[in-house]
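Engineer: Sequence first, predicted coordinates after that:
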Amino acid sequence: MSNLLLYLVAFVAYGVLAVLFWRAQMSGDADALNRGALGHAIAVPLALHGYLLYGSLLGDGELSLGLVSSLSLILWLTVLVYWLARFFYQLAGLQMLVLPLAAAGVVLPALFPPAHALSQHASLAFSAHVFMAMLAYSMFTIAALHAGLMSLVEKRLHHAALPPLLQAVPPLLTMEILLFRIIGTGFVMLTLTLISGMVFSEQIFGKPWQFNHMTVLGVVSWAVFAVLLVGHYFYGWRGRTAVRWTMSGFVFLILAYLGTQFVLEVLLRR
């Protein structure tokens, strides 16, 4: 079976599951969504997506990480985290939002093969650094989706009734607790990424650490999430304040690497 066919199968599988999740959620069948057949079925496109990512990232023995590959990897990790977390939390409504994004993400490397991608020998140090960075991106992607959904639910609650699509999401207090657990995990990953990039730059990248715009934006994002965590645990920040700080930190993080890659690959063709 050719890779092109596998891309199509993974895309269709994600799309079909997104429709089935939507229909199950509309009917209120939460068990089927979380721990039932539908929840287990996500493993199929998830495995295909992972296989295709491995081929596009490490097919020639070097780590080739461009803009589209990074987006696809982040979305794969996001689905993986949600799929594993479903055993502990009621996340059916959130998985339904992620599956269409994953469907688009899985075919990105096939539709837009990188002409100028970051390519480097996949040493253990470099691979570990990239994995931590991508995992941090995934955790904060989940946090941003989570915060956006919290904001939507809160606004709809003022109308005294939630639409069917939002009725299966966890209570706001539960979502808030989960949000800060996600942010805390992502913050640890981001901290390790920044420290390893600064301290072990010679071993990871083969050159001394450089204080450039990517580093500045990464540090700014780290500082935003650090202030948010301190504000939450010591001053009780929550609700809209938490949502605004989460979204701000996520924007800076996106600009730090994906924004830089977009400028280099799409605008400057480098």
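Structural biologist: Here it is on my side, so go on. Being a predicted model, the structure only gives us computed values, none of them experimental.
Engineer: Any buried residues in stretch 102-115, and which?
Structural biologist: Buried residues in stretch 102-115, counted by 16 or more other CB atoms under 10 Å: 102-103, 105-110, 114. Bear in mind the C-beta positions are built from the backbone N, C-alpha and C, glycine included.
Engineer: Check stretch 76-90 too.
Structural biologist: Neighbour counts over stretch 76-90 (16+ other CB under 10 Å) mark 76-83, 85-86, 89-90 as buried.
Engineer: need these in TSV with distance to M134, pLDDT and secondary structure, can you?
Structural biologist: Putting these into TSV (distance: CB to CB, whole Å; pLDDT from 0 to 100; DSSP: H, G, I helix; E, B strand; the rest coil) gives the following:
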residue	distance to M134	pLDDT	secondary structure
W76	9	90	helix
L77	6	86	helix
T78	10	85	helix
V79	13	88	helix
L80	11	88	helix
V81	11	83	helix
Y82	15	81	helix
W83	16	84	helix
A85	17	78	helix
R86	21	74	coil
Y89	22	70	coil
Q90	26	67	coil
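Engineer: which stretches of the stretch 151-270 of the chain form helices?
Structural biologist: With DSSP state H, counting those that start in this stretch, the ranges of helices along the stretch 151-270 of the chain come out as 172-199, 201-205, 213-235, 239-254, 260-262.
Engineer: between the buried residues of stretch 102-115, which is nearest L172?
Structural biologist: Closest approach between these and L172, by CB to CB: A102, at 25.6 Å.
Engineer: could you say what helices and strands the host helix or strand of the closest one packs with?
Structural biologist: Per DSSP states H and E, A102 falls inside helix 92-111. In terms of contacts (3 or more CB pairs under 8 Å, 6 or more residues apart in numbering; DSSP states H and E), helix 92-111 is packed against helix 3-26, helix 30-34, helix 43-58, helix 67-85, helix 124-157.
Engineer: mind running it again at 10 Å?
Structural biologist: Applying 3 or more CB pairs under 10 Å, 6 or more residues apart in numbering; DSSP states H and E, one finds that helix 92-111 contacts helix 3-26, helix 30-34, helix 37-41, helix 43-58, helix 67-85, helix 124-157, helix 172-199.
Engineer: With respect to V216, which of these lies nearest?
Structural biologist: Between V216 and those, the shortest gap by CB to CB is with helix 172-199, which sits at 11.3 Å.
Engineer: can you pull the buried residues of the closest one?
Structural biologist: For helix 172-199, the neighbour count (16+ other CB under 10 Å) marks 172, 175-176, 178-180, 182-183, 185-187, 189-190, 192-194, 196-197 as buried.
Engineer: Could you do stretch 11-26 as well?
Structural biologist: Neighbour counts over stretch 11-26 (16+ other CB under 10 Å) mark 11, 13-15, 17-18, 20-22, 24-25 as buried.
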